[in-house]
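**Q** Sequence unavailable; structure follows:
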């Protein structure tokens, strides 16, 4: 199946779905996204400045490597903004330079640092031209958990709907009895076959754990659009972290309302034969930023959360 990037086609898909009676609520929730495809490369043969998962960053001479707990963080992603530009017309993303996403994968308890100003992740916007960049090795001491091989990236456009359990669906009659019908539509929009989504909903209800990669297909890497999740809404986690509240605390009405202002900056999934961001587990990283902060290019305000199982 081909992902839908045509708004009229997506609206028709909603009207032809098993949740067609909700079209007035769902159509305004359609959000464009940049879907990321991943390809293995031989060694570190990618051109300077090219988009990548893992590997080493391409940075200017005055670059200061982000550190957590006296360790250099791992490069999760380097996104060349000129490569992304054709896929996000009208969005708030910058069009010049690159976005670098770092994380300390050697951290055993990444949520324990939410009470102070230290964070085990960092997002940086570099406005340098590729001619001003060079590939940089991390400083000592290196940690094996923070070494990921490089992967080349490709991009395509798609339209997305919120995942089941998103706060954006709170006012709609989509409960567990309608979950399979809704997810059939949700996955249809991004080019996934509907049957696995219905099976996944059934198996999740039976408590069989995380099965995304087995039943639903390819791992999900994307910029913008709705985060695809099977646990809690990442927007709520980002808001709680921004309030310096532990992730385990239940969100109140203010937190859930404020969470709607957050945008997905990057979703990066683990996958077979690719980066496993948390050693020995299937983890999905979600980096989020408020609209105002993205418009102001305030990437120090980015928050991060994880889904794993």
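**A** That came in fine, so what should we check first? Only a predicted model underlies this, so the values are computations on that prediction, with no experimental measurement involved.
**Q** what mean pLDDT does whichever strand or helix holds residue 235 have?
**A** Using DSSP states H and E, residue 235 maps to helix 234-242. Averaged over helix 234-242, pLDDT sits at 86.
**Q** Remind me what it packs against, helices and strands.
**A** Helices and strands touching helix 234-242, by 3 or more CB pairs under 8 Å, 6 or more residues apart in numbering; DSSP states H and E, are helix 253-258, strand 262-269, strand 283-290, strand 303-308. The C-beta positions use only the backbone N, C-alpha and C, and glycine is treated the same way.
**Q** so where's the stretch 201-309 of the chain shaky on pLDDT?
**A** Residues of the stretch 201-309 of the chain that meet the criterion pLDDT under 70 lie in 201-217, 245-254, 272-274, 279-281, 309.
**Q** at 90 instead, please
**A** For the stretch 201-309 of the chain, the stretches with pLDDT under 90 are 201-220, 229-233, 236-261, 269-284, 306-309.
**Q** what's the spacing between the helix holding residue 235 and its chain's center?
**A** 14 Å (CA atoms, centre = their mean, to the nearest Å).
**Q** swap in stretch 89-101?
**A** The chain centre lies 15 Å from the centre of stretch 89-101; the measure is CA atoms, centre = their mean.
**Q** For that stretch, give me every contacting residue.
**A** Identification of contacts with stretch 89-101 by CB atoms under 8 Å, 6 or more residues apart in numbering yields 32, 49, 51, 57-59, 75-82, 84-85, 121-129, 223-224, 263, 265-266, 268, 285, 287, 291, 294-295, 297, 299.
**Q** can you give me the mean pLDDT across that stretch?
**A** Mean predicted confidence for stretch 89-101 is 92.
**Q** just use 649 as the starting number from now, easier for me
**A** New numbering, starting at 649: the last item is stretch 737-749.
**Q** Ends of it, what's the gap?
**A** For stretch 737-749, the first-to-last residue distance is 22 Å (CA to CA, to the nearest Å).
**Q** Please spell out which residues along that stretch are buried.
**A** For stretch 737-749, the neighbour count (16 or more other CB atoms under 10 Å) marks 739, 741, 742, 745, 746, 747, 748, 749 as buried.
**Q** quick revisit: how about TSV for the helices and strands packed on helix 882-890, with mean neighbour count and distance to residue 782 added?
**A** What follows is these, written out as TSV (neighbours: other CB atoms under 10 Å; distance: least, CB to CB, whole Å):
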stretch	mean neighbour count	distance to residue 782
helix 901-906	14	41
strand 910-917	24	24
strand 931-938	24	25
strand 951-956	21	27
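**Q** Among the ones you listed, which comes closest to residue 661?
**A** Of all the helices and strands packed on helix 882-890, it is strand 910-917 that lies closest to residue 661, at 21.5 Å by CB to CB.
**Q** what angle do the closest one and strand 931-938 make?
**A** For strand 910-917 against strand 931-938, the angle by axes from the mean of the first three to the mean of the last three CA atoms, to 10 degrees is 160 degrees.
**Q** what's strand 910-917 packed up against?
**A** strand 722-728, strand 746-751, strand 870-871, helix 882-890, strand 931-938, helix 939-943.
**Q** so can I have CSV of those showing distance to residue 804?
**A** Listed next are the helices and strands packed on strand 910-917 as CSV, based on distance: least, CB to CB, whole Å:
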stretch, distance to residue 804
strand 722-728, 14
strand 746-751, 18
strand 870-871, 10
helix 882-890, 22
strand 931-938, 19
helix 939-943, 22
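**Q** And the closest residue to residue 665 other than its chain neighbours, what's its pLDDT?
**A** Once flanking residues are discounted, residue 665 sits nearest to residue 833: 4.1 Å by CB to CB, 6 or more residues apart in numbering. pLDDT for residue 833: 88.
**Q** for residue 833, what are its contacts?
**A** Applying CB under 8 Å, 6+ apart to residue 833 gives the contacts 661, 662, 665, 666, 667, 674, 809.
**Q** Let's see that with 7 Å instead.
**A** Residue 833 makes contact with 661, 662, 665, 667, according to CB atoms under 7 Å, 6 or more residues apart in numbering.
**Q** Follow the chain on from the helix or strand where the first one lies and name the next helix or strand.
**A** When elements are assigned from DSSP H and E, residue 661 belongs to helix 655-663. Beyond helix 655-663 on the C-terminal side, the first helix or strand identified by DSSP H and E is helix 671-674.
**Q** Now do that following helix: which elements does it pack against?
**A** Contacts defined by 3 or more CB pairs under 7 Å, 6 or more residues apart in numbering; DSSP states H and E place helix 671-674 against helix 655-663.
**Q** helices or strands next to the helix it packs on in the packing?
**A** Applying 3+ CB pairs under 7 Å, 6+ apart, one finds that helix 655-663 contacts helix 671-674, helix 827-837.
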